[in-house]
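Colleague: need a 3D model of the sequence below.
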Amino acid sequence: MNATTPVIDVKGLTKVYRTEEVETHALTGIELGIEPGEYIAAMGPSGCGKTTLLSILGLLETPTAGAYRISGTPVETLNASQRARVRNRHIGFVFQAFNLIGDLTVEENVELPLVYRGGIPRGERREKVRAVLEQVGMGHRLGHYPGQLSGGQQQRVAIARALVGEPSILLADEPTGNLDSRSGEAVMELLSELHGRGATIFMVTHDPHYARFAHRIIRLMDGQIVDDADAREESFTTDLVSH
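Modeller: Next up, the predicted model:
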């Protein structure tokens, strides 16, 4: 991928949920480009569509209409198995609930994306796992189980798992939601460090303080992007705090 190709490029993205009696428009006409190395936070009230947008960007859901490209490749019409392959190759997820497997060690949890990808010798997998755990400050916990770790430590392991496959973008869904303020701050500092090393990050958060760690903030309302601004602009930061 060259520097002029967006990591993510969506145009006219729409998502409609239909039941027998109700039609709910979760997203309407979303236009969004994410360049390599950007750090974007998405904000908005409950039900505004930010989680649906994250799910579509992560290929966990398909749009009802619109175009979606990852690193220049159209992905909106892929079938489930094709989406899984692209997701494993290009996207790293960090969830609010960590989603670690309790009976696997830290090392085994982080190794999973590489196992699913296939074709990587075990020795190479372990080398990658240990390198990324060192990167997030958890290299000393290889043989521990998730239940033996604090919430902040579990989220660091989850971030390592998201990074081990060298994804094009890291998608973080309320990564501090299950953490106390001190652990949340530490996780956000880690994401900032990773961004400083070149990671592309798209994060959903409800917290204006954590949103300001990003360099660009989009605000959603009723399934549409109503603000898209540089987080370092003083006027936008003041407006963010006032909401």
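
Colleague: name the helix or strand of the protein that has the lowest mean pLDDT.
Modeller: Among the helical and strand segments of the chain, the one scoring lowest on mean pLDDT, DSSP states H and E is helix 234-242, with a mean of 50.

Colleague: and the gap between residue 191 and residue 52?
Modeller: 22 Å (Cβ to Cβ, to the nearest Å). (C-beta placed from N, C-alpha, C; glycine too.)

Colleague: and residue 76, which of the three is it?
Modeller: coil (DSSP: H, G, I helix; E, B strand; the rest coil).

Colleague: give me phi/psi at it?
Modeller: According to degrees, to the nearest 10, the main-chain angles of residue 76 amount to phi -70, psi -20.

Colleague: from here on, count from 749
Modeller: That works, and once the first residue is 749, the last one we named lands at residue 824.

Colleague: for it, the count of nearby residues, please.
Modeller: 19 (other Cβ atoms under 10 Å).

Colleague: got the contact list for the residue nearest to it when sequence neighbours are not counted?
Modeller: Excluding its sequence neighbours, the residue lying closest to residue 824 (Cβ to Cβ, 6 or more residues apart in numbering) is residue 816, at 4.3 Å. By Cβ atoms under 8 Å, 6 or more residues apart in numbering, the contact set of residue 816 is 756, 757, 758, 761, 804, 805, 822, 823, 824.

Colleague: hang on, the fourth one in a strand?
Modeller: Yes - following the definition three-state DSSP, residue 761 is counted among the residues of a strand.

Colleague: my read is that it contacts residue 803, right?
Modeller: No - assessed by Cβ atoms under 8 Å, residue 761 is found out of contact with residue 803, at 11.7 Å.

Colleague: higher neighbour count, the two?
Modeller: Counted by other Cβ under 10 Å, residue 761 and residue 803 do not tie: residue 761 has more neighbours, with 24 against 16.

Colleague: so what's that one bridging to?
Modeller: residue 778 (DSSP bridges).

Colleague: repeat for residue 977
Modeller: residue 965.

Colleague: now do the helices in this structure.
Modeller: Under the criterion DSSP state H, the chain contains helices at 798-805, 828-838, 854-865, 870-883, 899-911, 929-944, 956-959, 982-990.
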